[in-house]
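> Give me the fold of what follows.
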Amino acid sequence: MMLLGLLISPPISAHVIVGELEKMSGADAALVYLRLGCQHILPLGFDHILFVLSLFLLSPKLKPVLYQATAFTIAHSVTLGLAMYHVIHVPSKIIEPLIALSIMYVALENIFSPRLKASRIGVVFFFGLVHGMGFAGALGQLGLPQNAYLLSLVMFNVGVELGQLTVILLAWFLLARPFSKKPGYRQRIVIPLSIVIAAIAGFWTIQRIFF
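Below is the predicted model of the structure:
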């Protein structure tokens, strides 16, 4: 019953989750962290949603965006793990503006580059390192149960990936599949959406640096 309550409840506070999870088995705790990882993207991670959507927009095909998502996943898994084991630490006042800048950069590249370049994988990998430290900041506020520390960390990361894949598949079904082969797809969908994303990310950058 405790596991069911945590799985179906609204977003969970750090004090509640760590206290309750210490009473659970490692497997039950891992399921809760899987859910929390998903929540960190959908519906709570609007900045990460915009980043993943920006990755998708430049090419309407699933294969290129999955390559990018794989590079992003490997990178953020590295820094998330290192940060949670206290090997690295970068203050959120540095990471959060960098995350906003990464979103703006990818959105602007979508506007000014008509095709996907091979160098994008390297850029996405670098930004993945940055986003991983952002994930670590969120997970650090929640805490991890000592009786299932590594397993919960891994499951949180898996939850993040499920959230990201959901965004990619929704974008493909709602945008690429019905519209990508029609004339004007880039002019009417890719560029306008990228402009909106770049504007939002630019605002976030200023907000996170100065306010």
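
> Where does the prediction get shaky in this protein?
Counting by pLDDT under 70, the chain has low-confidence residues at 1-23.

> those strands in it, which residues are they?
With strands called from DSSP state E, the chain shows none.

> Taking the centroid of it, which residue is nearest it?
By Cα atoms, centre = their mean, the mean C-alpha position of the chain lies nearest to His48, the distance being 4.0 Å.

> roughly how far apart are that residue and His86?
Here the criterion is Cβ to Cβ, to the nearest Å. By it, His48 lies 23 Å from His86. Just so you know, the C-beta spots here come from the backbone N, C-alpha and C atoms, and that holds for glycine as well.

> Then Ala148?
18 Å.

> which one of the two has more residues nearby?
Legend: neighbour count by other Cβ atoms under 10 Å for Ala148 and His86, higher for Ala148 (22 against 8).

> Just give me the neighbour total for the closest residue to the more buried one other than its chain neighbours.
Nearest-residue entry for Ala148: Gly26, 3.5 Å, with adjacent residues in sequence omitted and distances by Cβ to Cβ, 6 or more residues apart in numbering. The local packing of Gly26 (other Cβ under 10 Å) involves 15 other residues.

> Over to Pro192?
By the measure other Cβ under 10 Å, the count of residues near Pro192 is 12.

> which outside residues touch stretch 63-76?
Contacting residues not belonging to stretch 63-76 are listed as 52, 55-56, 58-59, 116, 120-122, 124-129, 131-132, 135, 157, 160-161, 164-165, 168 [Cβ atoms under 8 Å, 6 or more residues apart in numbering].

> quick one: the residue lying closest to Tyr185 once chain neighbours are set aside from Ile189, how far?
Among residues not flanking Tyr185 along the chain, Phe179 sits closest, at 5.4 Å (Cβ to Cβ, 6+ apart). Summarising the geometry, the distance separating Phe179 from Ile189, computed by Cβ to Cβ, is 6 Å.

> how about the helices in this structure?
Secondary structure of the chain (DSSP state H): helices located at 2-8, 14-21, 26-41, 46-57, 62-84, 92-112, 120-142, 149-171, 177-179, 185, 191-210.

> Tell me which of those helices sits most buried.
Mean neighbour counts were compared across these using mean count of other Cβ atoms under 10 Å; the top stretch is helix 46-57, at a mean of 23.

> How far off centre is it?
Helix 46-57 sits 8 Å away from the centroid of its parent chain (Cα atoms, centre = their mean, to the nearest Å).
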